[in-house]
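Novice: One predicted model, sequence on top.
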Amino acid sequence: MEKHNGNKLQFAKKVGCDEKALRLIFDKNQGMTMNLFFKIAHALEVEPSELIKDLKINFLEKNK
């Protein structure tokens, strides 16, 4: 999003979604569909795997 100088409206247009959707995802930690995830990666001009390469989820701690 640096290419858009933090402008969520401009970025939302490039993604092809509503600015409110991006605000909910980035500011309120709302989940997103895989489709939107791929659109965001495309708008950022990166492979989707690049966005999650360092993601760590520990399911065992959540289920205790």
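Specialist: Great, that's in hand.

Novice: Over to Lys56. Which of the three states is it?
Specialist: Each residue gets one of three states, and Lys56 gets coil by DSSP: H, G, I helix; E, B strand; the rest coil.

Novice: can you count the residues close to it?
Specialist: A count of nearby residues for Lys56, using other C-beta atoms under 10 Å, gives 5. For every residue, glycine as well, the C-beta is placed using N, CA and C.

Novice: Return the per-residue confidence for it.
Specialist: According to the per-residue confidence, Lys56 scores 86 in pLDDT.

Novice: so what's the backbone phi/psi at it?
Specialist: Taking degrees, to the nearest 10, you get phi -120, psi 130 for the backbone angles of Lys56.

Novice: I'd like the distance from the host helix or strand of Glu50 to the chain centre, please.
Specialist: In the assignment (DSSP states H and E), Glu50 maps to helix 48-52. In terms of C-alpha atoms, centre = their mean, to the nearest Å, the centre of helix 48-52 is found 10 Å from the chain centre.

Novice: by contact count, what packs against it?
Specialist: For helix 48-52, the contact count by 3 or more C-beta pairs under 8 Å, 6 or more residues apart in numbering; DSSP states H and E identifies helix 34-44 as packing neighbours.

Novice: Could you measure from Ala21 over to Ser49?
Specialist: 22 Å (C-beta to C-beta, to the nearest Å).

Novice: and these two? which has more neighbours close in?
Specialist: Between Ala21 and Ser49, counted using other C-beta under 10 Å, Ala21 has the larger neighbour count: 16 against 8.

Novice: from what I can see that one touches Lys39, true?
Specialist: No. Here Ala21 does not reach Lys39: they are 10.4 Å apart, not a contact under C-beta atoms under 8 Å.

Novice: Quickly list what's touching both of the two.
Specialist: Common neighbours of Ala21 and Lys39 (criterion: C-beta atoms under 8 Å, 6 or more residues apart in numbering): none identified.

Novice: low-scoring stretches of this structure, by residue?
Specialist: Applying pLDDT under 70 to the predicted model, the residue ranges of the chain that meet it are 1-5, 61-64.
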